[in-house]
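> Coordinates for the following, if possible.
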Amino acid sequence: MTAGVAHVAGAGTGVAGPDPGAGRKRSRTAYLLLLPGGLWLLVFFVLPLVQLFTVSLQSGFPGFPGYYYRDVNGGNYLTALTDFAGHFGRSLLYAGLATLFAFVLAYPLAYAMAFKAGRWRNVMMICVIAPFFTSFILRTIAWRQILSDNGPVAETLNFLHVLPGGRITETWMAVVAGLTYNFLPFMVLPIYASLERADSRVIEAGGDLYANGFTTFRTVTLPMSMPGVIAGTLLTFIPAAGDYVNAELLGSDRSTKMVGNVIESQFFKVLGGFPVAAALSFTLMAMILAMVFVYIRKFGTEDLL
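Numbering: from 1, shown residues only. From the prediction side, this is the model:
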């Protein structure tokens, strides 16, 4: 009797249950929205990557650029790890130094923009993103002029007698300085975004609790900004490790060349060098992915988004 009354009452109210077709429709809509981006990644990223990997397992055809034997030859990876080990180490070292220097420069700037800039915040933001309106190569050429032997930086350091060798260009310092300059905005913007979202009341409470600015920064502000620091580190280190423009324009012929310069040379200047260049590319990608994996396992990614 009670069940019958409940059934009649439910029918009388006209309340309909969940429509199973609505969920399927939303699912189809989501797949359709993902389709253009998925096709783009498949055609212009996944398939070229597969093709590049197959090339890395083949042998170059001497005398004919772009041609190679249709065989399977894993020796290209052995060549990449033995003949060019120094270039890999140099690339990772330069990228690590550039990331460290970018963090040291970016954090105070991002902190000032988030908490101290006031009405100058927009002006500072424009100054940070302004380099993006200029070509990467042009920025590096301009940096070469700044660091030249007759430039203001070298002349000042020589006057102070603190510049070893008397010059900056064609040294590792110039390459690291160029990498730091070119990728500095990629460190500033994520840190600023994290600090700008931080609750100022928590920071003020930390100041009242610890009564020490450094302790407040170490225990409250820095942990709250770590998502931006992690994102900025990844966005700076990964492209810096694969860069070749800065080493080409600011470094010397041999002593400062990075693995990106070797890849460019193998692709465009060495006859039959395509397979070795492909193997170098995949080896560098594997090294970077391994380091990123360890970094993410160490610091986590829960708060990145």
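
> Would you check that A174 makes contact with L250?
Yes. Counting by CB atoms under 8 Å, L250 is a contact partner of A174 at 4.0 Å. In this view, the C-beta of every residue, glycine as well, is placed from N, C-alpha and C.

> Spell out which residues are contacts of both of these two.
R144, L147, T256 (CB atoms under 8 Å, 6 or more residues apart in numbering).

> Tell me which stretches of the stretch 101-250 of the chain form helices.
Under the criterion DSSP state H, counting those that start in this stretch, helices of the stretch 101-250 of the chain are mapped to 121-129, 136-147, 152-159, 172-197, 200-210, 213-216, 222-241, 245-250.

> Any chance of JSON lines for the ones you listed, columns mean neighbour count, mean pLDDT and distance to S27?
Shown next, in JSON lines, are the helices of the stretch 101-250 of the chain (neighbours: other CB atoms under 10 Å; pLDDT from 0 to 100; distance: least, CB to CB, whole Å):
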{"stretch": "helix 121-129", "mean neighbour count": "13", "mean pLDDT": "94", "distance to S27": "38"}
{"stretch": "helix 136-147", "mean neighbour count": "16", "mean pLDDT": "92", "distance to S27": "41"}
{"stretch": "helix 152-159", "mean neighbour count": "14", "mean pLDDT": "88", "distance to S27": "59"}
{"stretch": "helix 172-197", "mean neighbour count": "22", "mean pLDDT": "95", "distance to S27": "32"}
{"stretch": "helix 200-210", "mean neighbour count": "13", "mean pLDDT": "73", "distance to S27": "40"}
{"stretch": "helix 213-216", "mean neighbour count": "13", "mean pLDDT": "80", "distance to S27": "48"}
{"stretch": "helix 222-241", "mean neighbour count": "21", "mean pLDDT": "93", "distance to S27": "31"}
{"stretch": "helix 245-250", "mean neighbour count": "22", "mean pLDDT": "94", "distance to S27": "45"}
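
> Dump those helices to TSV, plus distance to I296.
Output for the helices of the stretch 101-250 of the chain, formatted as TSV (distance: least, CB to CB, whole Å):
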stretch	distance to I296
helix 121-129	26
helix 136-147	27
helix 152-159	36
helix 172-197	15
helix 200-210	26
helix 213-216	28
helix 222-241	8
helix 245-250	26
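
> if we can go back for a sec, so which of the shared contacts of A174 and L250 comes closest to T215?
Taking CB to CB as the measure, T215 sits nearest to L147 out of the shared contacts of A174 and L250, at 38.5 Å.

> residues in contact with that closest one?
L147 neighbours (CB under 8 Å, 6+ apart): V153, A154, I168, T169, A174, A177, L250.

> Over to the closest residue to it other than its chain neighbours: give its phi and psi.
Nearest residue to L147, sequence neighbours excluded (CB to CB, 6 or more residues apart in numbering): I168, at 4.4 Å. Backbone torsions for I168, taken as degrees, to the nearest 10, come to phi -110, psi -50.

> hang on, the earlier thing: need the shared contacts of A174 and L250 in JSON lines (columns: distance to I203).
Formatted as JSON lines, the entries for the shared contacts of A174 and L250 read as follows, by distance: CB to CB, whole Å:
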{"residue": "R144", "distance to I203": "41"}
{"residue": "L147", "distance to I203": "38"}
{"residue": "T256", "distance to I203": "42"}
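
> ok, so of these, who is nearest E204?
Nearest member of these to E204, counting by CB to CB, is L147, at 42.4 Å.

> Spatially nearest residue to G96, not counting backbone neighbours?
Nearest to G96 is F237, by CB to CB, 6+ apart, at 6.9 Å.

> Confirm for me that the one you found is in contact with T99.
Yes. With contact defined as CB under 8 Å, F237 and T99 form a contacting pair (4.6 Å).

> Between those two, which contacts overlap?
By CB under 8 Å, 6+ apart, no residue touches both F237 and T99.

> ok so, going back, now the contacts of L147 in a markdown table, with distance to T221?
Shown next, in a markdown table, are the contacts of L147 (distance: CB to CB, whole Å):
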| residue | distance to T221 |
| --- | --- |
| V153 | 32 |
| A154 | 37 |
| I168 | 34 |
| T169 | 38 |
| A174 | 34 |
| A177 | 28 |
| L250 | 35 |
